[in-house]
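Student: Sequence and computational prediction follow.
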Amino acid sequence: MHAFDVLGEPVRRRILELLADGERSAGEVCAVIREEFGISQPAVSQHLRVLRDSGFATVRPQGTRRLYAVNPEPLREVEDWLGHFRRFWAQPLDALATELARGRRQRRLAEEAAAAGHRRHGGADDGGSAHEERTG
């Protein structure tokens, strides 16, 4: 089965997300997937088998439990394949990062200017209305 056939299935992608956080028992995976997707335990087991047979997950017995974990090697192969297309999103993401940094800088400068103005006017940020209340 091709990697994208494996990863094209939302249930299998979700299982990999769960396993990315660390090793989990088949029972733990099954409980989460059954709740989120409403599928049967045998269906979850089938997805786990596909992930194992395709190399995306490893399994090791521990007593009566089967513990699953991500095997990163097939994911590296997917990343390598995607590398051919990275140029389509890398430059726009770099431009976005630049714009976000520019916005943060402008916001920081505006906040610093407001704080400096606040200090210059003795901390009154209400335009002198406190003085008017006392005298008026």
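Tutor: All right, it came through fine.
Student: So what touches stretch 60-76?
Tutor: Stretch 60-76 is contacted by residues 3, 6, 15-16, 19-20, 22-27, 29, 48, 51-52, 54-59 when judged by C-beta atoms under 8 Å, 6 or more residues apart in numbering. Every residue, glycine included, has its C-beta placed from N, CA and C.
Student: And the pLDDT for Glu111?
Tutor: We have a pLDDT of 89 for Glu111.
Student: what's the offset of whichever strand or helix holds it from the middle of its chain?
Tutor: Assigned by DSSP states H and E, Glu111 belongs to helix 87-120. Here helix 87-120 is found 23 Å from its chain centre; the criterion is C-alpha atoms, centre = their mean, to the nearest Å.
Student: now swap in stretch 46-61 and tell me
Tutor: Distance, centroid of stretch 46-61 to centroid of chain: 23 Å (C-alpha atoms, centre = their mean).
Student: For this protein, which segments count as strands?
Tutor: Secondary structure of the chain (DSSP state E): strands at 24-25, 57-62, 65-70.
Student: could you measure the closest residue to Gly55 other than its chain neighbours against Arg12, distance?
Tutor: Excluding its sequence neighbours, the residue lying closest to Gly55 (C-beta to C-beta, 6 or more residues apart in numbering) is Pro74, at 4.9 Å. Taking C-beta to C-beta, to the nearest Å as the measure, Pro74 falls 12 Å from Arg12.
Student: which of the two has more neighbours?
Tutor: It is Arg12, of Pro74 and Arg12, that has more neighbours when counted by other C-beta atoms under 10 Å, with 21 against 17.
Student: State the pLDDT value of the residue sitting nearest the centre point of the chain.
Tutor: Residue closest to the average C-alpha location in the chain (C-alpha atoms, centre = their mean): Glu17, at 9.8 Å. If you check Glu17, the pLDDT there is 95.
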